[in-house]
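In: quick one, fold the following:
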Amino acid sequence: MKLSKIYANKSFKNIEFNTENGGFNVIYADVKTKTSDKGRFQHNLGKSRLVELIDFLMLKGVDKELFLIKHQQFFIEYEFYLEILLNSGKYLTIKRSVKNNSKISFRLHEEKQKDYKPFNVWTNKDLTIDKAKEKLNEYLNFDLFNEKKYIYRSGISYSLRLTNGIVNDYLDVFQLSKFQKGNHKSWKPFMYDLLGFDGAKIYEKYTKEDEISQLKKLKQKEEKDFQIKSEEKDAITGKIDALKSEKEKLGKELDSFNFYNQDKKLISQVVEDIEFEISNLNTQAYNLDFDVNKIRQSLQNDFSFDWNFVKQIFEETQIHFSNQLAKNYEQLVDFNKSISVERANLLHDTLKIVTEKQKDVQHKLKELNEKRSELLSFIQDTTIFKKYKTYQKDLIKIEGEIVRLETQFSAIDIIRKKETEIKSKTQEVKNLIEDIKSQIDNSLNNKTYTSIRKIFRELVTKILSKPAIISLKINSKDNIEFKCDVQDLIKDTATAEDEGATFKKLLCAAFDLAILIQYSKQSYFRFVYHDDIFSNLSNKLKNNYLDIVKGICKDYDIQYIFTIIKDDLPRNEIDMPIDFADNEKILVLHDKDNTGKLFGFEF
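Out: Down below sits the predicted model:
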């Protein structure tokens, strides 16, 4: 895949890229204005913005730092178009606007467009960003990404190296600036695959480590939430057993009080009936007491008759008291005496009966009063009720504690299950690490890796006159490391900082080219864009690098695009700048006025 054209519907320096014989493309800037930053020239013409714009059209996700969004008041109505040359020989135009940047359109066509007019009809119109990435991945059809977990976006940044004061993709050969803040999973599996190894092993390792980390967090959270450790399972079993025994004991205690609430109404009714019966018995007792008293009084009144007193009365009244009358009186007295005796016997019998009834009533009253007292005491006594409620509360607490402990018990099973998963996945990670180590140890069997190392080593030797070696290792944390070592890299300590940065930049460029050379006979990217690659290079390095790059373009059909300012042009033997041919300069920028800027205005 190569870049063919990039254009817009509004003010923009439309660009047509060279694709023949690989394609050598110069983005040239004639900059006069200096800044105070170590005398470097002001880079505000848009040459670095072009890298961002190409990435945007290759469907990079947008954020507020993207210049199109950050300065959207200038770009909100813009629509951009990128025409690319597919490895199949066909062309694909990608349309993406700033306002509706999540809607992407594609137009597949057989030949390059002769002008910069947008298509009226699109092969795929207004696809969502995710669908568009999938579709573009299908159109590109790169061999490396077949049946892989990543798509073309994983590799495109190695074809778009940018440096603009904020982003610097030349700090590390393997880890680009966009990966500095991300996790290793976002780039190391791809890099491992790119070097010809099984990247799925690295991806799976990181995935399982993420799962282990998540399981450990969940385990710690559950231990904290339930305040338990898995080794305390037996102790909890003992506590549950003890509490269940206590619960059973309290249950029996409560059973003895169960009648209280259920029979309270019945008991009240019984008390009312007893009170009524006591009232009746009290009436009977009163009447019996009255009868007993009367009988006893009657028994105390004996029959008496005084003959002398009767005779005296007769004598005083001078009435004759005849013998016959006396005889009659004697008979009457005898009669009364006999009646009194009989009456007394009857009263004694009656008293006996009444007294027995009285005793019976008194006995019944005593029993009923005691029963009434007992029932009233039960109904009115708060102590027994409090005791009952206390037992209830204790029982509820025990049941709650049993539930809590049983929840802990269940949580321990869950925690232990997670521990088992952690152990299992940890072992799987160890197995994967051993597999990766084995692959690295047997790297000579990896033809792709061996070839890339060789190409890279030869390129660096040609550019820097020093050999460079790519190597892999597993570090102390069992993570893979990609290394690049140059022999005798820095000798002059006075210029170590500048030379180190310069050498790193060229190592990055050599690596990108080595990858493209290795995959030049497969369906893969066939272009690379190196921003500001010639700054701070010695003249010898500039000329040497240019010759090597031009040869690579022709020999391997690789499109090379780079930005350069006038003062960084290589110089000839008589110290005159070596300019590029007009057909090589696909874009010329200057800072004389706004006409020299990429968009024709400042922002």
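
In: what helices or strands is the host helix or strand of residue 546 leaning on?
Out: Per DSSP states H and E, residue 546 falls inside helix 539-556. For helix 539-556, the packing partners by 3 or more Cβ pairs under 8 Å, 6 or more residues apart in numbering; DSSP states H and E come out as strand 24-30, helix 447-464, helix 496-518, strand 559-565. Just so you know, the C-beta spots here come from the backbone N, C-alpha and C atoms, and that holds for glycine as well.

In: where among the ones you listed is average confidence lowest?
Out: For the helices and strands packed on helix 539-556, mean pLDDT drops lowest on helix 496-518, to a mean of 85.

In: so that helix versus helix 539-556, what angle?
Out: Orientation check (axes from the mean of the first three to the mean of the last three Cα atoms, to 10 degrees): helix 496-518 against helix 539-556 gives 10 degrees.

In: how far does helix 496-518 sit from the chain's center?
Out: How far helix 496-518 lies from its chain's middle: 41 Å, per Cα atoms, centre = their mean, to the nearest Å.

In: dump the helix or strand following that helix to PDB, restricted to CA.
Out: Next along the chain after helix 496-518, taking DSSP H and E as the criterion, comes strand 527-530. This file holds the C-alpha atoms of strand 527-530, laid out as PDB (Å, rounded to 0.1, in the frame of the first residue of the first chain):
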ATOM      1  CA  PHE A 527       5.500   3.400   2.300                       C
ATOM      2  CA  VAL A 528       7.200   5.200   5.200                       C
ATOM      3  CA  TYR A 529       6.900   8.900   6.200                       C
ATOM      4  CA  HIS A 530       9.900  10.200   8.300                       C
END
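
In: list the strands paired with strand 527-530, with their directions.
Out: Strands flanking strand 527-530 in the sheet, each with its direction: strand 160-161 (parallel), strand 559-565 (parallel) (DSSP bridges).

In: residues making contact with the shortest one?
Out: What it means is strand 160-161. In this structure, residues lying in contact with strand 160-161 by Cβ atoms under 8 Å, 6 or more residues apart in numbering are 51, 54-55, 169-170, 176, 508-509, 512, 528-531, 533.

In: columns distance to residue 187 and neighbour count on top of these, output as TSV?
Out: Formatted as TSV, the contacts of strand 160-161 follow (distance: Cβ to Cβ, whole Å; neighbours: other Cβ atoms under 10 Å):
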residue	distance to residue 187	neighbour count
51	19	23
54	20	23
55	16	20
169	12	23
170	16	23
176	7	21
508	14	22
509	18	24
512	14	24
528	17	22
529	19	24
530	19	26
531	20	25
533	22	23
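
In: ok, which of the strands paired with strand 527-530 comes nearest residue 487?
Out: Among those, strand 160-161 comes nearest to residue 487, with 24.1 Å by Cβ to Cβ.

In: what angle do the helix holding residue 546 and strand 24-30 make?
Out: Using the same axes, to 10 degrees: helix 539-556 against strand 24-30 is 150 degrees.

In: still on that earlier bit, want to try a markdown table for the contacts of strand 160-161, with distance to residue 244 as columns?
Out: Shown next, in a markdown table, are those (distance: Cβ to Cβ, whole Å):
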| residue | distance to residue 244 |
| --- | --- |
| 51 | 73 |
| 54 | 73 |
| 55 | 68 |
| 169 | 68 |
| 170 | 71 |
| 176 | 63 |
| 508 | 71 |
| 509 | 76 |
| 512 | 72 |
| 528 | 75 |
| 529 | 75 |
| 530 | 76 |
| 531 | 75 |
| 533 | 78 |
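
In: tell me if I'm right that residue 68 and residue 56 touch.
Out: Yes. Here residue 68 lies in contact with residue 56, judged by Cβ atoms under 8 Å, at a distance of 6.6 Å.

In: quick one: contacts of stretch 578-594?
Out: Under the criterion Cβ under 8 Å, 6+ apart, residues 13, 15-18, 24-33, 42, 44-47, 50, 543, 561, 569-572, 596-598, 600-602 lie in contact with stretch 578-594.

In: tell me the contacts of residue 55?
Out: Residues in contact with residue 55 (Cβ under 8 Å, 6+ apart) are 156, 157, 160.

In: of the residues you listed, which is the most crowded?
Out: Among the contacts of residue 55, residue 160 has the most neighbours (other Cβ atoms under 10 Å), with 23 neighbours.

In: next one: it, what pLDDT does it get?
Out: If you check residue 160, the pLDDT there is 95.

In: distance of it from residue 512?
Out: The gap separating residue 160 from residue 512 is 10 Å, by Cβ to Cβ, to the nearest Å.

In: cool, and residue 403?
Out: Counting by Cβ to Cβ, the gap from residue 403 to residue 512 is 64 Å.

In: shared neighbours of residue 68 and residue 56, which are they?
Out: Taking Cβ under 8 Å, 6+ apart as the contact rule, the neighbours common to residue 68 and residue 56 are 62, 101.

In: to residue 478, which of the helices and strands packed on helix 539-556 lies closest?
Out: Closest among the helices and strands packed on helix 539-556, using Cβ to Cβ: helix 447-464, at 20.4 Å.

In: ok, residues contacting that closest one?
Out: In contact with helix 447-464 (Cβ under 8 Å, 6+ apart) are residues 195-197, 443-444, 466-470, 486, 503, 506-507, 510-511, 513-515, 517-518, 541, 544-545, 548.

In: among those residues, name the buried ones.
Out: Buried members of those, scored by 16 or more other Cβ atoms under 10 Å, are 195-197, 468, 470, 486, 503, 506-507, 510-511, 513-515, 517-518, 541, 544-545, 548.

In: from the contacts of strand 160-161, which single one is nearest residue 419?
Out: Closest to residue 419 out of the contacts of strand 160-161 is residue 176 (38.3 Å), distances taken as Cβ to Cβ.

In: got the contact list for the closest one?
Out: So residue 176 contacts 157, 158, 161, 169, 187 (Cβ under 8 Å, 6+ apart).
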